[in-house]
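K.L.:
predicted model, plus sequence, below.
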Amino acid sequence: MLRSTHRIARLIGSLLVGAALPATVAAGATLTIACKDESQPEYWVEKLEDQAWRARAIKRLEQFFEDSLTKANKDLKAQEVQDLIGKTIEPLTKTYVEHGDMLDSKSRVALIKLLAGYKDKRAEPAFKKAFEDFAKAPKSGKDDQDIKWAAIATADAKLESLAGPMLEAFGKLRASTMLGGVVYKDFNAAMLELPSKSWAPALIQKLGAEMTRPQNAKDKSAISDYMDQQFWQTTAAALLGRIGDPAGVEPLIKVLLDPAKVDVHATAMVSLIQLGKPASDGAFSWLRGKPKGCSPFASSASRISLRAVRPRTSRARRRRR
């Protein structure tokens with residue numbers, strides 16, 4: 001009888017221990033889950049790896065950045081803001097480069113806008129991808145504003161290494177499209193803020209294209225072509241003045257001599273003045289005789305413009321002395 005009692009007691013003890021183990025494991029699992037705090041950026045950084053959570057994670061990390069900036073009185077260099085950037089910039093950049101094509105337009109643009117807001121060189125791969133993808137397959141929808149934020153970020157972070165990809169994207173951006181209408185001003189401003197001497201040959205080539213003013217307000221194709229050329233050539237003319245390459249003098253003078261390019265004349269004039277002595281010498285040589293292939297309008301009206309270049313460049317040189 002006593003043996004039976006002991007045997008039953010041992011059996012009950014084993015059952016109790018067995019029942020306690022799952023409870024212990026469950027408690028440990030609950031503790032582990034509790035450690036993953038949704039109120040911390042690290043939680044959402046991990047979610048970037050999950051396609052089902054990726055869009056929501058981007059939105060949440062964007063909110064973290066906005067909140068940290070607000071608390072720091074918009075001081076991007078504040079320690080708490082820099083700490084957040086340090087935790088998130090590489091995972092966010094990786095997400096854009098490796099998974100950007102799988103995101104919807106809204107989430108993808110929000111992601112690159114967030115990276116642009118960081119003004120940090122470490123996000124360069126994302127901006128490079130935005131430029132290169134656009135150059136390969138230009139988009140026209142107003143929601144696909146990746147290159148807008150890539151251009152702004154390139155200028156803000158002084159990413160001179162992106163001069164090539166940026167120029168390629170510029171050559172494919174059409175101001176006449178829905179996208180161009182909301183992007184061209186920012187793109188133009190970004191290029192002017194960080195001009196690259198390597199752009200000069202391509203910009204000179206842009207100025208060589210013909211411009212035909214549309215004669216019919218209903219000719220949408222002609223209007224679109226003119227808008228595109230006006231954007232490209234006005235930007236090219238302005239950049240040549242900023243870059244300061246004397247090779248730009250003759251193309252800019254030719255712009256002034258072309259009555260069809262009247263909408264680019266003012267910009268070309270400013271750039272010639274910025275170029276200084278090379279422009280003054282170039283204007284003098286053109287004034288000595290009627291240029292070949294010049295229309296009667298160009299040979300008279302443009303001479304007035306060219307005469308204006310010489311005294312202004314001379315005054316500019318005197319001020320520098």
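P.N.:
Yes, it's here. These figures come from a predicted structure and were not determined experimentally.
K.L.:
can we go C-alpha only for contacts and neighbour counts from here?
P.N.:
Will do.
K.L.:
which residues of the stretch 1-150 of the chain fall in helices?
P.N.:
2-35, 41-47, 54-71, 79-99, 105-118, 124-136, 146-156 (DSSP state H, counting those that start in this stretch).
K.L.:
just those: most buried one?
P.N.:
With neighbours taken as mean count of other Cα atoms under 10 Å, the helices of the stretch 1-150 of the chain reach their highest mean count in helix 146-156, at a mean of 25.
K.L.:
can you name the next helix or strand after it?
P.N.:
With elements assigned by DSSP states H and E, the helix or strand that comes after helix 146-156 is helix 163-172.
K.L.:
so for the helix or strand just after that following helix, mean pLDDT?
P.N.:
The helix or strand immediately downstream of helix 163-172 is helix 178-193, counting by DSSP H and E. Regarding helix 178-193, the rounded mean pLDDT is 98.
K.L.:
for helix 178-193, C-alpha coordinates in CSV please.
P.N.:
Written as CSV, here are the backbone C-alpha positions of helix 178-193 (Å, rounded to 0.1, in the frame of the first residue of the first chain):
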residue,chain,number,x,y,z
MET,A,178,3.0,66.2,-65.9
LEU,A,179,6.2,65.2,-64.0
GLY,A,180,8.3,67.9,-65.7
GLY,A,181,5.8,70.5,-64.7
VAL,A,182,6.3,69.8,-61.0
VAL,A,183,10.0,68.9,-61.1
TYR,A,184,11.8,71.2,-63.6
LYS,A,185,12.2,74.2,-61.3
ASP,A,186,13.8,72.2,-58.4
PHE,A,187,16.0,70.3,-60.9
ASN,A,188,17.2,73.5,-62.5
ALA,A,189,17.9,75.1,-59.1
ALA,A,190,19.8,72.0,-57.9
MET,A,191,22.0,71.9,-61.0
LEU,A,192,22.8,75.6,-60.7
GLU,A,193,23.8,75.1,-57.1
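K.L.:
list the contacts of that helix.
P.N.:
139-145, 147-148, 151-152, 154-155, 170, 173-175, 231, 235, 238-239, 242 (Cα atoms under 8 Å, 6 or more residues apart in numbering).
K.L.:
buried set for stretch 200-217?
P.N.:
200, 203-204, 206-207, 211, 214 (16 or more other Cα atoms under 10 Å).
K.L.:
of the contacts of helix 178-193, buried ones?
P.N.:
139-140, 144-145, 147-148, 151-152, 154-155, 170, 173-175, 231, 235, 238-239, 242.
K.L.:
now Leu239: how far from Leu162?
P.N.:
As for Leu239, its distance to Leu162 is 16 Å (criterion: Cα to Cα, to the nearest Å).
K.L.:
report the contact partners of the residue nearest to Ala123 when sequence neighbours are not counted.
P.N.:
Of all residues beyond its chain neighbours, the one nearest Ala123 is Thr93 (5.6 Å), with distances taken as Cα to Cα, 6 or more residues apart in numbering. Contacts for Thr93 (Cα under 8 Å, 6+ apart) come out as 115, 123, 125-126.
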